[in-house]
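1. Give me a 3D structure for the following:
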Amino acid sequence: MIIDCSNTLPEFLFESPEEMDPKNTEYRLLFGPKWAQLAGMTKEEFFKKTESQSVAKVMNDVYSKLQDKFSMENFLNMLHESDVVYHAIHNMDYGRDGNDPPVDHDYIGVILTKYPNRFIGYAGFNPHKGTESLKTVRRAITEQGYKAVVIPPYEHGLKADDRRYYPLYALCDEFDIPIWIHSSINYFRETSVFLDHPSNLEAPLMDFKNLKIIAGHGGWPWIPDMIAMLLKYENLYVDTSAFRPRYIAEPNTGWDMFMYYANTLIQDKIVFGSDWLTMGMPIKDVIKEIEEWPLKDSVREKFYWKNANKIFKLGLQKPTLTK
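-> The predicted model follows:
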């Protein structure tokens, strides 16, 4: 049984390049070959196509194939086959323009109603959109079935301890819901690589005693700092999403301290998050590589679902085996 705490819907990734923010060019080049593999194209074929066609044109072809492959029915079947009982939907509110309207939470709200007890909705907040964004998040939580909130500080150009996020933290504290915060490297040229450093989570954790934070993407490449934070703050958790599991378990990749303490001091602070769609890697392959991690069986169970079950108050119980 698995709860995936960091992900989205296929259609959110497979949008046309014309709809994508220009700042995301680096991300498209970074993840495009991986998405192409999901569509049945090799990395070599992807880059060869970009030599004679624009990246936008190649990505349009990739997205078209993926949209057919990842229909909702096929998507749900993939999750069922991999024993993923809950799958995150991060409904991010991107951008730095306060004149834009808040991201629409209605569409995901319909999906949460249509497929109950299948997805965990994360309502996106944007501090540049102020009170209107906060109202949207409040409605998502109180009326539309969302169970968490999500923010990508690098997208907003603000650190997680910026006071413009504090009304959101107060809301999460009030409703006792977790917030997922991007806490790893970003690839935006005009944004500091240190903007998402785990240390920026400290002030909110100190100022809101009941605030539950999931540090997204493990805090890499600042793993020792991430571990120190996890050891100190009771309501801080972490996932390892968006990084291939085989490399996390490999020495000298920067994850050594995480793997060392996963079985002991931080075993109650780790949750499964894959971002398998972003990585362009089937969820079953992500799980297969995690099975190679040297985790105790009891810890693996906590990592896969028990810790998240507690954080999101899902009320799941381990199925009993019948003869």
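2. contacts, neighbours, all on C-alpha from now
-> Noted.
3. Name the helix or strand of the chain that has the lowest mean pLDDT.
-> Of all helical and strand segments in the chain, the minimum by mean pLDDT, DSSP states H and E falls on helix 25-38, at a mean of 67.
4. who's in contact with the following helix or strand past that one?
-> Once the chain leaves helix 25-38, the next helix or strand it forms, by DSSP states H and E, is helix 43-52. The contact list for helix 43-52, computed with Cα atoms under 8 Å, 6 or more residues apart in numbering, reads 33-34, 36-37, 58.
5. By neighbour count, which bits of stretch 219-239 are buried? Give me those.
-> Judged by neighbour count using 16 or more other Cα atoms under 10 Å, the buried positions of stretch 219-239 are 219-224, 226-227, 229-230, 233-239.
6. Quick one: distance of it to the chain centre.
-> 16 Å (Cα atoms, centre = their mean, to the nearest Å).
7. One more: stretch 91-99?
-> 17 Å.
8. Buried by neighbour count: which residues of that stretch qualify?
-> For stretch 91-99, by 16+ other Cα under 10 Å, it's 91-96.
9. So which residues of the stretch 151-300 of the chain form strands?
-> 179-182, 213-216, 236-238 (DSSP state E, counting those that start in this stretch).
10. Among those, single out whichever gets nearest to Ile120.
-> strand 179-182 (11.8 Å; Cα to Cα).
11. Now do the buried residues in that closest one.
-> For strand 179-182, a neighbour-count test (16+ other Cα under 10 Å) marks 179-182 as buried.
12. any chance you could map the helices in the stretch 201-323 of the chain?
-> According to DSSP state H, counting those that start in this stretch, the stretch 201-323 of the chain carries its helices in the segments 202-207, 223-232, 245-248, 256-262, 276-279, 283-290, 297-301, 307-311.
13. CA-only coordinates of the first one in PDB, if you can.
-> The C-alpha atoms that make up helix 202-207 are tabulated as PDB, following Å, rounded to 0.1, in the frame of the first residue of the first chain:
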ATOM      1  CA  GLU A 202      12.800  27.300  10.200                       C
ATOM      2  CA  ALA A 203      11.000  30.600  10.900                       C
ATOM      3  CA  PRO A 204       7.600  29.300   9.900                       C
ATOM      4  CA  LEU A 205       8.100  26.200  12.000                       C
ATOM      5  CA  MET A 206       9.100  28.300  15.000                       C
ATOM      6  CA  ASP A 207       6.300  30.800  14.500                       C
END
